[in-house]
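Trainee: Sequence isn't available, so here's the structure alone:
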């Protein structure tokens, strides 16, 4: 077995790659430094936080508000995708031809259509056809003030809840197609002997999946599902085109009013990088734990 020192020893091509990356970073920094552009970094802090004279406290401003909306949109969208994807993933391995064809058609439709087109179609279908029928806006307006405050904390203010819910459903439906394939692959990775053994003790197919197959498949599905959650955060940037006030939308609004285009774009880049890189490190640790668990 190789020692850790041997595994991490750098080769000449590793140093060459590092040198190329360093040279690229230096080139970009040089071009930005000598760009014919009037830098205005002082505008960034003013859009991160603001001082509220009435309460005497510092409150999140547009950029941080957009970041919080992105996180909430990603969380609820990923939850919808997980639930819908789990159901559809189980139906993907069903013996019934109707279920298999329906779920496969949905997955192939999502995977072979540009995300922007699907997001717009989903959004307008949900906001124009589904939410009015369900009476979501009337229900939110009928809530007590304390319930509306709680709703604003976990999702969006009552005046924007319809848009937020439409965005959640849109992101969830889009990501559910990829979650479906992860669930299908996880179930199919469970050995055939587990199916035969569970059938031998008298379990029907539903109980086989619920008690035997899915719990084992979850161990293999959790790392790729966590990676898909990170993708959900990045896909929420597309939602800015349908006027949901997440991070990218707020950044675009600030750019149009301040003309500090590069400063805002770099700030958005760093904010997305911070949250996605942090989650990536967590996923990496999770994968190592599951790998060690499977080896035992």
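Mentor: Nice, I can see it. Small disclaimer: the values here were computed from a predicted structure and weren't measured.

Trainee: any idea of the pLDDT on the most centrally placed residue in the chain?
Mentor: What sits nearest the mean C-alpha location of the chain, by CA atoms, centre = their mean, is residue 232, with 1.7 Å. pLDDT, residue 232: 89.

Trainee: Residue 8 too?
Mentor: Per the predicted model, pLDDT is 64 at residue 8.

Trainee: Also residue 115?
Mentor: Listed pLDDT for residue 115 reads 80.

Trainee: Can you verify my assumption that it contacts residue 234?
Mentor: No - using CB atoms under 8 Å, residue 115 is not in contact with residue 234; the gap is 10.5 Å. Using the backbone N, CA and C atoms, a C-beta is placed for each residue, glycine as well.

Trainee: intersection of neighbour lists for these two?
Mentor: Overlap of the contact sets of residue 115 and residue 234 (by CB atoms under 8 Å, 6 or more residues apart in numbering) is empty.

Trainee: returning to what we had before: who does the strand or helix carrying the residue nearest to the centre of the chain touch, helix- and strand-wise?
Mentor: Residue 232 belongs to helix 214-235 when assigned by DSSP states H and E. Counting by 3 or more CB pairs under 8 Å, 6 or more residues apart in numbering; DSSP states H and E, the packing neighbours recorded for helix 214-235 are helix 62-92, helix 161-189, helix 261-295.

Trainee: Could you point out which residue ranges in the chain have low pLDDT?
Mentor: Applying pLDDT under 70 to the chain flags residues 1-8, 290-296.

Trainee: again, 50 this time
Mentor: 1-6 (pLDDT under 50).

Trainee: picking up where we left off before, reformat the helices and strands packed on helix 214-235 as a markdown table; add distance to residue 24 and mean neighbour count.
Mentor: Below are these laid out as a markdown table (distance: least, CB to CB, whole Å; neighbours: other CB atoms under 10 Å):
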| stretch | distance to residue 24 | mean neighbour count |
| --- | --- | --- |
| helix 62-92 | 28 | 21 |
| helix 161-189 | 31 | 22 |
| helix 261-295 | 16 | 14 |
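
Trainee: Could you look up the SS state of residue 113?
Mentor: coil (DSSP: H, G, I helix; E, B strand; the rest coil).

Trainee: show me what contacts it?
Mentor: Counting by CB under 8 Å, 6+ apart, residue 113 makes contact with nothing.

Trainee: same check, this time on the one 3 residues further on
Mentor: The contact partners of residue 116, taken as CB under 8 Å, 6+ apart, are 238, 241.

Trainee: In which helix or strand does it reside?
Mentor: Using DSSP H and E, residue 116 maps to helix 115-125.

Trainee: Can you spell out which helices and strands pack onto the helix or strand that that helix is followed by?
Mentor: With elements assigned by DSSP H and E, the helix or strand that comes after helix 115-125 is helix 131-134. Other helices and strands packing on helix 131-134, by 3+ CB pairs under 8 Å, 6+ apart, are helix 161-189.

Trainee: in the helix or strand following the helix it packs on, what's buried?
Mentor: Per DSSP H and E, helix 161-189 leads on to helix 192-200 as the next helix or strand towards the C-terminus. Within helix 192-200, the residues that count as buried by 16 or more other CB atoms under 10 Å are 195, 198.

Trainee: tell me the angle of helix 192-200 relative to helix 161-189?
Mentor: Interaxial angle, helix 192-200 versus helix 161-189 (axes from the mean of the first three to the mean of the last three CA atoms, to 10 degrees): 100 degrees.

Trainee: Quick one: work out the angle between helix 192-200 and helix 214-235.
Mentor: Helix 192-200 runs at 120 degrees relative to helix 214-235, counting by the same axes, to 10 degrees.

Trainee: which residues touch the next helix or strand after helix 192-200?
Mentor: Next along the chain after helix 192-200, taking DSSP H and E as the criterion, comes helix 205-207. For helix 205-207, the external contacting residues (CB under 8 Å, 6+ apart) are 95, 198.

Trainee: Give me the nearest residue to residue 237, chain neighbours excluded.
Mentor: Using CB to CB, 6 or more residues apart in numbering and skipping the chain neighbours, the partner closest in space to residue 237 is residue 248 (4.2 Å).

Trainee: what bridges to residue 51?
Mentor: Applying DSSP bridges to residue 51 yields these beta-bridge partners: residue 58.

Trainee: Count residues in the vicinity of it, would you?
Mentor: Neighbour count of residue 51, defined by other CB atoms under 10 Å: 10.

Trainee: Residue 150: how many residues sit nearby?
Mentor: The tally of other residues near residue 150 (other CB under 10 Å) stands at 12.
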